[in-house]
Structure formats: structure tokens, C-alpha cells
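Engineer: Any chance you could fold what I've pasted below:
(chains A and B)
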Amino acid sequence: MTNTIKIERAIHNLTQAELAEKIGVSRQTINAMESNKYVPSAVLAMKIARLFNKPVEAVFQLQEND
Amino acid sequence: MKNKLLLPNNYKRYGIGLLIPFAVIGVLSIYNEFELGFLQTGKNIPYFNMFDFTDNNFTNEIALSGVMIGLLMIAFSKEKTEDEFIHQIRLESWQWAVIINYALLFLANWLIYGSEFLQVMIYNMLTILIIFIIRFNWLLYKYKKQLSE
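Structural biologist: A predicted model of the protein is given here:
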């Protein structure tokens, strides 16, 4: 799964730390998601999408091998 | 994600505080036959006679108990922000620790014999916990380091 967290973060002018604090996870988690090392749970994905005011699929996209 | 099996974060420090003195006593008791006099038991305590003790000093029992509880407290205390990613690292580290532990035990089974194998078994009581703590903290350190890059 890929995501556009980094882009959305830039649009909303948030740092990794600020986003982490807003959704209640650690900075490492944001960083791991942005570098595609961690696929978040449905709950976390929906929280992130809601924060950016976008549907989940606008932020998270399935890949060929998923 | 809620994990009810974990202790609060500050238990990690209590665990370290418990581990160090008891580990020192434990190592001394294995290699120097160190015994604390006040942990000596008389031979006539009915309850303890049930087990037919050849060793009637509780130093090593107390030391192992302290080390076990200390390691368990370190392994099972929460990180400051215990989220689902940390949770996944935690589970992967447990899996890793069990596999490595049994790989080492498998080798020891074939390579070490007699009373030396008994030494292996003493350490083997604790290796799953030790390997887990090392692996888990190494991964946390690695991900923290990536943040500053």
C-alpha cells in the first residue's frame, strides 16, 4: 500500500511531530508510514484521512502486489 | 490499540533497578558459591523437607526470582507512546526471540554435554526475555535514528 501522507502534510503545513501528536501516535510511526515501511490499521488510516478532510482512498492506495 | 498485558512506562526503570542487584547476586552465587547467611534454612522446616533439599540456602532462588521479575518488568512495560506500530515491532521481536532462543538451544543440545549443559539451561531460563529486550530496543533505536536523518 502506498500513501500520500507526506504530500497532504505539506498541503496542511504540518510537521511529522505535529501530525503524530494530532492523531496520537509516535513520530516513528508517521515516518515509517511515509517511507512505506508500515501499513497502518484501518482505524489509523481513517483517522489520518479524516484529519486531512479526504476519503481514505485519496490518501491510501493499494498496489499491484497487495 | 489497547494492550492490557502491558505495565505503565515507569515500570521499565523499576525493572532495571531490580535486575541489576539481583543479577550481581546471581552471578556471584553461580561462580563464587556466594551465599547470604540470613537466607539459610534449617533442615527441620517441615514444608521444605517435602522437596528433600540438598542445598538449603535460598540465595540462588531469590536471585533468580529477582532477575526474572526485573526482566519481565522491562519486557512488558509500555513505551512512552505505545501505538500500533510499536505494537507490531513488539510482536515481531517476540517471534524473533523465540526462534533465536530455540536455534541456540538446538545447537547447545548437540555441542555441549554433561554439567556444562546444565549451565546452558540456567541461562536458557532467561534468554527469550534477554533476546526480546535487545531486539525490541535495537529496532526502536533504529527507527528513532531514521527520524534524525
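Engineer: Get me the contact residues on chain A for chain B.
Structural biologist: Within chain A, the positions adjacent to chain B are A:16, A:20, A:24-29, A:31-33, A:35, A:38, A:40-41, A:43-44 by C-beta under 8 Å from any C-beta of the partner chain. Glycine gets a C-beta too; all of them are placed from N, C-alpha and C.
Engineer: at 7 Å what do you get?
Structural biologist: Taking C-beta under 7 Å from any C-beta of the partner chain as the contact definition, chain A meets chain B at A:25, A:26, A:27, A:28, A:29, A:31, A:32, A:38, A:41, A:44.
Engineer: Pick out the most distant pair among the residues you listed.
Structural biologist: A:27 and A:41 (17.8 Å; C-beta to C-beta).
Engineer: More neighbours: which of those two?
Structural biologist: Neighbours per residue (other C-beta atoms under 10 Å in any protein chain shown) separate residue A:27 from residue A:41, with residue A:27 holding more: 19 against 14.
Engineer: Hmm, the more buried one is touching residue B:147, no?
Structural biologist: Yes. If you go by C-beta atoms under 7 Å, residue A:27 and residue B:147 touch, sitting 5.7 Å apart.
Engineer: Give me the buried stretch members for the top helix by length along chain A, please.
Structural biologist: Secondary structure assigned by DSSP state H gives helix A:42-51 as the longest helix of chain A. Residues A:44, A:45, A:47, A:48, A:49, A:51 are the ones in helix A:42-51 that count as buried (16 or more other C-beta atoms under 10 Å in any protein chain shown).
Engineer: which ones are touching the fourth one?
Structural biologist: By C-beta atoms under 7 Å, 6 or more residues apart in numbering or on different chains, residue A:48 lies in contact with A:5, A:23, A:59.
Engineer: go on, the third one?
Structural biologist: Residue A:47 makes contact with residue A:23, according to C-beta under 7 Å, 6+ apart.
Engineer: May I have the longest helix of chain A as CSV, with CA atoms only?
Structural biologist: Output in CSV follows, covering the C-alpha atoms of helix A:42-51 (Å, rounded to 0.1, in the frame of the first residue of the first chain):
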residue,chain,number,x,y,z
ALA,A,42,-8.0,0.7,9.1
VAL,A,43,-8.6,2.8,12.3
LEU,A,44,-5.4,4.8,11.9
ALA,A,45,-5.8,5.2,8.1
MET,A,46,-9.3,6.6,8.6
LYS,A,47,-8.1,8.9,11.4
ILE,A,48,-5.4,10.3,9.1
ALA,A,49,-7.8,10.7,6.1
ARG,A,50,-10.4,12.5,8.4
LEU,A,51,-7.7,14.9,9.6
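Engineer: what's the offset of that helix from the middle of its chain?
Structural biologist: On the basis of C-alpha atoms, centre = their mean, to the nearest Å, helix A:42-51 sits 7 Å off its chain's mean C-alpha point.
Engineer: what comes into contact with the following helix or strand past it?
Structural biologist: Next in sequence after helix A:42-51, counting helices and strands by DSSP states H and E, comes helix A:56-59. Residues from elsewhere that reach helix A:56-59 (C-beta under 7 Å, 6+ apart): A:3, A:4, A:5, A:8, A:45, A:46, A:48, A:49, A:52.
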